[in-house]
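Participant: give me a model of this one.
(chains A and B)
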Protein chains: 2
Amino acid sequence: MSGKPKLIYFNGRGRMEPVRWLLVAAGVEFEEVFLDTREQYVKLIKDGSLMFQQLPLVEIDGMKMVQTRAILSYIAGKYNLYGKDLKERAFIDMYVEGITDLMHMIMMFPFSPPEAKEKNLALIMERATHRYFPVFEKTLKQHGQDFLVGNRVSWADVQLIEAILAVEEKIPAVLLGFAQLQVILSLNIQELCSTKTSRISCERNCEEIIMSPCYTNQDCGVSGELSSSRCLFNMKHNGGRIRLVSCKTLCS
Amino acid sequence: MSGKPKLIYFNGRGRMEPVRWLLVAAGVEFEEVFLDTREQYVKLIKDGSLMFQQLPLVEIDGMKMVQTRAILSYIAGKYNLYGKDLKERAFIDMYVEGITDLMHMIMMFPFSPPEAKEKNLALIMERATHRYFPVFEKTLKQHGQDFLVGNRVSWADVQLIEAILAVEEKIPAVLLGFAQLQVILSLNIQELCSTKTSRISCERNCEEIIMSPCYTNQDCGVSGELSSSRCLFNMKHNGGRIRLVSCKTLCS
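Facilitator: As a prediction, the model looks like this:
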């Protein structure tokens, strides 16, 4: 349990995805174990690895950490992504909690019954554009900085970018009317792309990916200087959009 | 917004209750504003007091804090209830997150449809006794200390006591078989009762309350040395059980 953090989860985004993002933002390399069978999961419970019988599990610094928020808090604290004092941390926490509420709606969306899909999508749109995004747009506009808290990247920025991309995936035009968010989305992706260890998860359409020096697009049949990069997880087509998840060695 | 923290919420436990508990554990006096009407709530939204249009709201140290977990994290950090280092904080966070999951089931229980009540209660019992309480029982037994982390009271203990009492309220015999939890319940209640500023929320039956020097029992018609104490919130009968919520000046 020494060395790189080891992330143990199903082969999907789910509750592990913000952990991947935050580690990437921190510039920390990590390993992943994907569970394929129920037996593997039951084994983890039986050997006492899962405190509350739930994934995600992250082995880090000799601990078997569970509970997404606890894991994120530890990473944010260890890698200086959690503000310079209690008050900055308070704002980071408030922003993170709001974003987590929005992400919860998105995470639950695939489980909506067919007759509720349209209504639930409308609710995500309404909440994103009337409850959550306006808070961040206003904050960024008021202090004129590129990051939400303390003029430097924090857990809150990383989680916000993940959330924006997750909403955009469902509602492509959702950032219309949020000029500041458009700017920080671009800036933060550049910032995250410049880390040398691995890549963030993101959803961009093919043109955007081709335009970005950080992304390659094997599935679109585009070859370029980065086309040999290995993705840690997968790249998959999704209605003309590409999912790039924690791609490693891009830009390195 | 200086001086005592001001807690603004509906007149009920809900998402503000753990904040009350933690402030009491920290020995911090606080003020409360209870909202009675929707107009009061809408006014708070309109004047920009509620970052994400939701209660609870706590005015503290010049901030208008929202999101229960962010508020609790700030209080725990400020009042030294959050461990001595990152690793202790990691365990406190994991415990708190597990307890919060259990409390969420309890908080949602009253909204169960009648036909689902029995099943949901059985699920609470099952999760409490097979998923959550065993973790804490084992931890306490292994290190032989009175508190979960670092041999001193932390946010995790406070939230655990609140959760145990909340489950006991529904399932009185739930602690049978959890000897360590019975001990720390008693110890922690004494500890919390010894703070001078106000009292924790708790549910004990009349006999227990009469036996405890910390509690009085106006509603049972018992008068004693403490019968003139003022409760911050309310004391109400509940099938022979009494709810004492943050009673002030008891034992002072």
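Participant: contacting residues for A:A90?
Facilitator: Residues near A:A90 by Cβ atoms under 8 Å, 6 or more residues apart in numbering or on different chains: B:63, B:65, B:70, B:73-74. Heads up, the C-betas are built off the backbone N, CA and C, glycines and all.
Participant: out of those residues, list just those in strands.
Facilitator: Those of the contacts of A:A90 mapping onto strands are B:63, B:65, per DSSP state E.
Participant: want to try CSV for the contacts of A:A90, with neighbour count and distance to chain A as columns?
Facilitator: Output for the contacts of A:A90, formatted as CSV (neighbours: other Cβ atoms under 10 Å in any protein chain shown; distance: Cβ to the nearest Cβ, whole Å):
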residue, neighbour count, distance to chain A
B:M63, 17, 6
B:M65, 24, 6
B:A70, 23, 4
B:S73, 29, 5
B:Y74, 26, 5
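Participant: how about the contacts of A:A90, which pair is most distant?
Facilitator: B:M63 and B:S73 (12.6 Å; Cβ to Cβ).
Participant: touching, A:W155 and A:Y82? I think so.
Facilitator: Yes - counting by Cβ atoms under 8 Å, A:Y82 is a contact partner of A:W155 at 5.9 Å.
Participant: tabulate the contacts of A:A90 (a markdown table), appending distance to B:G27 and pLDDT.
Facilitator: Shown next, in a markdown table, are the contacts of A:A90 (distance: Cβ to Cβ, whole Å; pLDDT from 0 to 100):
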| residue | distance to B:G27 | pLDDT |
| --- | --- | --- |
| B:M63 | 20 | 98 |
| B:M65 | 19 | 98 |
| B:A70 | 21 | 98 |
| B:S73 | 18 | 98 |
| B:Y74 | 16 | 98 |
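Participant: possible to save the contacts of A:A90 as TSV with distance to B:F147?
Facilitator: Below are the contacts of A:A90 laid out as TSV (distance: Cβ to Cβ, whole Å):
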residue	distance to B:F147
B:M63	29
B:M65	26
B:A70	24
B:S73	19
B:Y74	21
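Participant: quick one: which of the contacts of A:A90 is nearest B:Q142?
Facilitator: B:S73 (26.4 Å).
Participant: report the contact partners of that closest one.
Facilitator: A:89-90, A:93, B:82.
Participant: do the same with A:G3
Facilitator: With Cβ under 8 Å, 6+ apart, A:G3 has no contacts at all.
Participant: so it: helix, strand or coil?
Facilitator: coil (DSSP: H, G, I helix; E, B strand; the rest coil).
Participant: then the one 5 residues further on?
Facilitator: A:I8 falls in the strand class when you classify it by three-state DSSP.
Participant: how far does the longest helix seen in chain A sit from the chain's center?
Facilitator: Assignment by DSSP state H gives helix A:86-108 as the longest helix of chain A. What separates the centre of helix A:86-108 from the centre of its chain is 13 Å, taken as Cα atoms, centre = their mean, to the nearest Å.
Participant: what's the following helix or strand after that helix?
Facilitator: helix A:117-127 (DSSP states H and E).
Participant: quick one: contacts of whichever helix or strand comes after that following helix?
Facilitator: The first helix or strand that comes after helix A:117-127 along the chain, using DSSP H and E, is helix A:133-143. Residues outside helix A:133-143 that contact it (Cβ under 8 Å, 6+ apart): A:95, A:98, A:146, A:148, A:151, A:160, A:164, A:174-175, A:178-181, A:183-184, B:51-52.
Participant: what does chain A put close to chain B?
Facilitator: A:51-53, A:61, A:63, A:65-67, A:69-70, A:73-74, A:77-78, A:86-87, A:89-90, A:93-94, A:96-98, A:101, A:131-132, A:135 (Cβ under 8 Å from any Cβ of the partner chain).
Participant: before we move on, back to that, flag every buried residue along the longest helix of chain A.
Facilitator: Within helix A:86-108, the residues that count as buried by 16 or more other Cβ atoms under 10 Å in any protein chain shown are A:87-103, A:105-106.
Participant: ditto for stretch A:8-15
Facilitator: Quick answer for stretch A:8-15 (16+ other Cβ under 10 Å): A:8-9, A:13, A:15.
Participant: helices of chain A, residue ranges please.
Facilitator: Using DSSP H, helices in chain A cover A:17-26, A:38-46, A:68-78, A:86-108, A:117-127, A:133-143, A:155-170, A:179-193, A:206-211.
Participant: of all those, which lies closest to B:R38?
Facilitator: Among those, helix A:117-127 sits nearest to B:R38 (Cβ to Cβ), with 19.2 Å.
Participant: quick one: list the elements packing against the closest one.
Facilitator: helix A:86-108, helix A:155-170 (3 or more Cβ pairs under 8 Å, 6 or more residues apart in numbering or on different chains; DSSP states H and E).
Participant: which of those helices has the lowest average pLDDT?
Facilitator: With a mean of 89, helix A:155-170 has the lowest mean pLDDT of those.
Participant: now that helix against helix A:17-26, angle please.
Facilitator: 120 degrees (axes from the mean of the first three to the mean of the last three Cα atoms, to 10 degrees).
Participant: which of the residues in helix A:155-170 are classified as buried?
Facilitator: A:155-169.
Participant: off-centre distance for it?
Facilitator: The answer for helix A:155-170 is 7 Å, by Cα atoms, centre = their mean.
Participant: same check, this time on stretch A:55-65
Facilitator: Relative to the chain's own centre, stretch A:55-65 is displaced by 18 Å; criterion: Cα atoms, centre = their mean.
Participant: now do stretch A:160-173
Facilitator: For stretch A:160-173, the distance to the chain centre is 11 Å (Cα atoms, centre = their mean).
Participant: now do stretch A:140-147
Facilitator: On Cα atoms, centre = their mean, the centre of stretch A:140-147 falls 21 Å from that of its chain.
Participant: what do you get for stretch A:52-71?
Facilitator: Worked out by Cα atoms, centre = their mean, stretch A:52-71 lies 17 Å from the chain centre.
Participant: so where's the stretch 1-150 of chain A shaky on pLDDT?
Facilitator: A:1-2 (pLDDT under 70).
Participant: burial count for A:R152?
Facilitator: When neighbours are counted by other Cβ atoms under 10 Å in any protein chain shown, A:R152 registers 15.
Participant: just A:V33 next, same as before
Facilitator: 13.
Participant: try the one 4 residues further on
Facilitator: Neighbouring residues of A:T37 were enumerated by other Cβ under 10 Å; the total is 8.
Participant: please identify which pair of the buried residues of helix A:155-170 lies farthest apart.
Facilitator: Farthest pair in the buried residues of helix A:155-170, by Cβ to Cβ: A:W155 and A:E169, 21.4 Å.
Participant: quick one, domains of chain A?
Facilitator: Annotated domains of chain A cover A:6-78, A:86-193, A:202-248 [automatic domain parsing].
Participant: let me have these in CSV, extended by distance to B:W21.
Facilitator: CSV is the format used below for the domains of chain A (distance: least, Cβ to Cβ, whole Å):
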stretch, distance to B:W21
domain A:6-78, 19
domain A:86-193, 18
domain A:202-248, 39
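Participant: with adjacent residues omitted, what lies nearest to whichever residue of the stretch 151-252 of chain A sits closest to chain B?
Facilitator: Ranked by Cβ to the nearest Cβ, the top residue of the stretch 151-252 of chain A for proximity to chain B is A:A156, at 10.8 Å. Nearest non-adjacent residue to A:A156, counting by Cβ to Cβ, 6 or more residues apart in numbering or on different chains: A:Y95, 3.9 Å away.
Participant: show me the contacts for the one you found.
Facilitator: Counted by Cβ under 8 Å, 6+ apart, A:Y95 has contacts A:135-136, A:148-149, A:156, A:159-160.
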